Structure formats: structure tokens, C-alpha cells
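# Just a sequence and a predicted model for now, questions to come.
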Amino acid sequence: MQRKAYVPGIAVLLAALLAGCTGGSGSGGAADDSKGSDTGTTAPAAQPGKYRTLPETCGAVDHDSLDSLLPGIEQIADAETRDKAYEGEATLTYDTDRRDGCRWKVESTSATDHLLVDFERVVSYDNAVSDANKAQEIYAGKQTAADLPEPADSSSSSASSSASSSDTAPPSAPSSSSSSASPSSSATASPSETPTDLQPRTLDDLGDEAFLNDKLSPASSAAQQRTVTVVFRTSNVIVTIEYAEQPTASTDTPDSKEMQDRAWKLAEKLADKLDG
């Protein structure tokens, strides 16, 4: 009698345990599927940028470029002072593998010229975003901040078509006599009107993307300063060139074409240096 009463009790207990195990297995199985699904759909980490280091900026700009951009540098009589002017002054940075820059300032009898070159290597800390895409995002912000004018409507006339096509082409190279002989303030072009092909614009054939900005200080200024900026991106590196000239005489105006030519040529050299 006891054995008959005991056996059904054991059966009930086993059934209860089995039911509990089945319920727990179902719940745990759903959680495991979710984790497995997450693991299975995780995208591979985005590719690192092409560049892992940066050039030493003060040494990246050759003497020929400095002679062109800073005409007064060759007029410095003292050799030691001239050599120091060529060396430039490194900008403050905490990691030269991530950012490196250099600035130059040279005064002459007719003008004061400033040059700033900045290299920025962008690193994305988001596994889903590549270094190059992050750099593209930062570059786009710089271009938006520059507030470039809309390109001319190429369909309006043949003249405007020609102007529009030249918006994305480099300015013609300056003659050898004008590139380094004297500051560009010797030009007599009207300061208030900039030809269409010299207006701020995007540029072709320079890195992956590039733009040029050209600003002249207000006419009310004692001496008008022109600042030409070229920014270009190559993969995950953004290069900024800021070139400014202020004539000594208030009646002089820095020539837009000459300054753009010089900045453009330097940008090409730096792009080649990155790829070299």
C-alpha cells in the first residue's frame, strides 16, 4: 500500500520538475537567440584612415614656396635672421601625430605677409564610421562655415558658362617675375570687384575635395588685408593653408589672382608630399 502511494507521488514530482525545466528552457532560449542575433548582425569595424602620421609642418614648406608667398624674406639682410624666418614657428599641439602646424610672418618695405599651414589627421572613435568618413564630415563643416557663394548659372549665357567652368579650375600660374619679385599689393585691380573665376569656390584636382576662400578687409580699414584660404582633404587628413597680406600703404590692395596662385601651388605641393 505504501509503495502504491509513493509511486504516484514520485510521478507528480517528476512531472512538476519537468514542466519547470521546460518553462525555464523556453525563456533562456529566447534570450540566447537575441544575443546570437546581435552578434550575427554586428557590422565589421570601419577601416582605419590611410594616414597614421603627419609631416613635420615647418619643414614641409620648401624655401621656393616661402620665397613666393613671403617676398620680403629674401630682403632680410642678416643671414641668421633670414634662416630663422624660413624655419617658421610651430603652432601649439599636444600630439603631432594628430595635428601639426606652422606659421610664418615676414615684413618688407611694402607689405607684411602671414602664412599658416595646418595638418589635421582625423581618427574616428566610432567603429561604424571610418576615419576618412569622419574627416569628410569635419571638412564639410569647414566648407559650410566658409559660406561659399553659389556658382554662376552656366545656362544663362556662354559668358557665364565660361565663368562657371573656371570656378572649379585652378587660377592660371603667375609669371616668374610676379611670383617672388615683389608683394602682390603692387597690382592695380579694383578691390571691390573680384572676377567670377577668382571668387570663393570649390576646387577640382586637389585631394579628395577642396575649396578656396578669398576675403578682403572692409574698405574703411586703414590698410586693406586680403586673406586667401585653401582647405583640402585627402582621406583622413585635412590641410588648411591661410595666406594673408597687408600692404604698408593704405592706397594699395593685395592682388587676388597672385595670392590665389601662390596658395594653390603650395597646396598642390603639400598634397604631393602626403602621397609621396
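Ah, there it is. These numbers come from a predicted model, not from an experiment.
# in the strand or helix carrying A145, what counts as buried?
Assessed by DSSP states H and E, A145 sits inside helix 131-146. Residues of helix 131-146 classed as buried: 131-136, 139, 142-143 (neighbour count, 16 or more other C-beta atoms under 10 Å). C-beta here means a position set from N, CA and C on the backbone, and glycine is covered the same way.
# Of the residues you listed, just say which sits nearest to S235.
A132 (4.9 Å; C-beta to C-beta).
# which ones are touching the closest one?
47, 49-50, 235-236 (C-beta atoms under 8 Å, 6 or more residues apart in numbering).
# I'd like to know which of those are buried.
Among the contacts of A132, the ones that count as buried by 16+ other C-beta under 10 Å are 49, 235-236.
# Turn those residues into a markdown table, including secondary structure and pLDDT.
Listed next are these as a markdown table, based on DSSP: H, G, I helix; E, B strand; the rest coil; pLDDT from 0 to 100:
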| residue | secondary structure | pLDDT |
| --- | --- | --- |
| G49 | coil | 87 |
| S235 | coil | 96 |
| N236 | coil | 97 |
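# Let me know the closest of those residues to K273.
K273 has its nearest neighbour among these in S235, at 14.0 Å by C-beta to C-beta.
# Now that the closest one has come up, it's in contact with K50, right?
Yes: using C-beta atoms under 8 Å, S235 makes contact with K50 at a distance of 3.8 Å.
# would you list every one of the helices in the stretch 151-276 of the chain?
Taking DSSP state H, counting those that start in this stretch as the criterion, the stretch 151-276 of the chain carries its helices at 158-167, 176-180, 256-275.
# how about the longest one: buried residues?
By neighbour count, with 16+ other C-beta under 10 Å as the criterion, the buried positions of helix 256-275 are 256-268, 270-271, 274.
# if we take those residues, which one ends up nearest to D83?
L266 (20.1 Å).
# What separation is there between the closest one and L116?
Separation of L266 from L116 (C-beta to C-beta, to the nearest Å) stands at 11 Å.
# Spit out the residues that contact those two alike.
Both L266 and L116 are contacted by 241, 243, under the criterion C-beta under 8 Å, 6+ apart.
# who's in contact with the host helix or strand of R82?
Using DSSP H and E, R82 sits in helix 79-87. Residues outside helix 79-87 that contact it (C-beta under 8 Å, 6+ apart) are 58, 63, 66, 70, 73-74, 76, 104, 106.
# right, and the helix or strand after that helix?
Next along from helix 79-87, by DSSP H and E: strand 89-90.
# Quick one: mean pLDDT for that next one?
The pLDDT scores in strand 89-90 average 97.
# returning to what we had before: going by distance to T248, which of the buried residues of helix 131-146 wins?
Closest approach to T248 among those (C-beta to C-beta): K142, at 31.6 Å.
# neighbours around the nearest residue to that closest one once chain neighbours are set aside, how many?
Distance criterion C-beta to C-beta, 6 or more residues apart in numbering; nearest residue to K142, sequence neighbours excluded, is V231 at 5.5 Å. V231 sits with 23 neighbouring residues when counted by other C-beta atoms under 10 Å.
# Okay, and the beta partners of V231?
Beta-bridge pairing for V231 (DSSP bridges): F211, T240.
# wait, isn't it in contact with G141?
No: in this structure, V231 is not within contact of G141 by C-beta under 8 Å, at 10.7 Å.
# what pLDDT does the closest residue to R226 other than its chain neighbours get?
Sequence neighbours aside, P254 is the residue nearest to R226 in space, at 3.8 Å (criterion: C-beta to C-beta, 6+ apart). The per-residue pLDDT reported for P254 equals 92.
# if we can go back for a sec, can the contacts of A132 go into CSV with extra columns for distance to P200?
Below are the contacts of A132 laid out as CSV (distance: C-beta to C-beta, whole Å):
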residue, distance to P200
Q47, 33
G49, 28
K50, 28
S235, 24
N236, 25
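# from those, which is closest to A222?
When these are ranked by distance to A222 (C-beta to C-beta), N236 comes first, at 42.0 Å.
# separation between that closest one and H114?
Per C-beta to C-beta, N236 is found 28 Å from H114.
# what's the answer for S124, then?
Relative to H114, S124 is positioned 32 Å away (C-beta to C-beta).
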